[in-house]
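Chemist: Here's my sequence, what's the structure:
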Amino acid sequence: MTPAGILTALPAEARTLLGQRPPGGGPSVDTVLRCGPHRLIVCGMGFEHARAGAAALLDAGARSLVSWGCAGALHPALPSGALVLPAVVIGASGTYATDPAWRGRIEAAVGGPEHADAGPLLCGRTVLADRRARQDARERSGASAIDMESAAVGAAALEAGVPFLVVRAIADPATRVLPAFLPAITDAYGRPRLGRLARELLREPSALAPLLALQREFGRALATLRTVAAAARRELGEAH
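Modeler: Numbers count the residues shown, from 1 in each chain. Purely as a prediction, here's the structure:
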């Protein structure tokens, strides 16, 4: 098996591969960790964090790169928990193709292509909080889903000449309206800023319901990632 370098933005996403939370807390961030035969890093959200994380994985000897975690839906037919294995990632500076044979092996392991959406993945710089913004992004790009890290991973893989794969599960569907303050109430690793959250909810108590719905939807996405990890752990390392 060829070890893969797997990048996640959030500790919760990493735990779908690493297993349950260790007694001392969640996985270390910005540190290359062992994940069976693979290497894994929790890099934080966004393009720059992902670029640094991908470089660290390559420096640690990774011979392929996987962008693993959650995404937001742009296609209205994708519910929370849907698996996306995009053929192409669309970034601000270009497009990045995932390895088709590798992607096909993952699809086969999870039950066939009918169990995953292979439409393009758009990589954005910010959270798209409302339906109109998501609809506009879909109309411009034709993408099925959006995240904030995969283009950086794709660019690093292309520069290093190594295979590239994206495994993402939908957290928020395209119809979900998110509070505008959402990016401000967590840090880059998804850890809550409780004081800021409390102040925002005092100002906007109606935001509690969509936040609770998002938490449930995030849980469905993590459940999908755990299923893929159990079914396709071997295939994650078979890029060649």
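Chemist: How about residues contacting the helix or strand that contains Glu200?
Modeler: When secondary structure is defined using DSSP states H and E, the element that contains Glu200 is helix 194-203. Counting by CB atoms under 8 Å, 6 or more residues apart in numbering, helix 194-203 makes contact with Pro179, Phe181, Ala184, Ile185, Ala207, Leu208, all of which sit outside it. Heads up, the C-betas are built off the backbone N, CA and C, glycines and all.
Chemist: and if we set it to 6 Å?
Modeler: Under the contact criterion CB atoms under 6 Å, 6 or more residues apart in numbering, helix 194-203 has outside partners Phe181, Ala184, Ile185, Leu208.
Chemist: how about the third one, what does it touch?
Modeler: What it means is Ile185. Applying CB under 6 Å, 6+ apart, one finds that Ile185 lies in contact with Arg193, Arg196, Leu197.
Chemist: That one and Glu139: what is the separation?
Modeler: Remark: distance between Ile185 and Glu139 (CB to CB, to the nearest Å) = 29 Å.
Chemist: Could you count how many residues lie near Pro37?
Modeler: Each residue near Pro37 was counted by other CB atoms under 10 Å, and the total is 13.
Chemist: meant to ask about Ala143
Modeler: 25.
Chemist: what about the longest strand seen in the chain, distance to the chain center?
Modeler: Across the chain, the longest stretch assigned as strand under DSSP state E is strand 65-73. Between the mean C-alpha location of strand 65-73 and the chain-wide mean there is a distance of 2 Å, by CA atoms, centre = their mean, to the nearest Å.
Chemist: That one: which residues count as buried?
Modeler: Taking 16 or more other CB atoms under 10 Å as the neighbour-count basis, strand 65-73 is seen to contain the buried residues Leu65, Val66, Ser67, Trp68, Gly69, Cys70, Ala71, Gly72, Ala73.
Chemist: Please save the CA atoms from the helix holding Glu200 in CSV.
Modeler: Presented in CSV, the C-alpha positions along helix 194-203 are these (Å, rounded to 0.1, in the frame of the first residue of the first chain):
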residue,chain,number,x,y,z
LEU,A,194,-18.2,31.1,23.1
GLY,A,195,-18.2,34.7,24.2
ARG,A,196,-18.7,35.9,20.7
LEU,A,197,-21.4,33.3,20.1
ALA,A,198,-23.3,34.4,23.2
ARG,A,199,-23.2,38.1,22.2
GLU,A,200,-24.4,37.3,18.6
LEU,A,201,-27.3,35.2,19.9
LEU,A,202,-28.4,37.9,22.3
ARG,A,203,-28.5,40.3,19.4
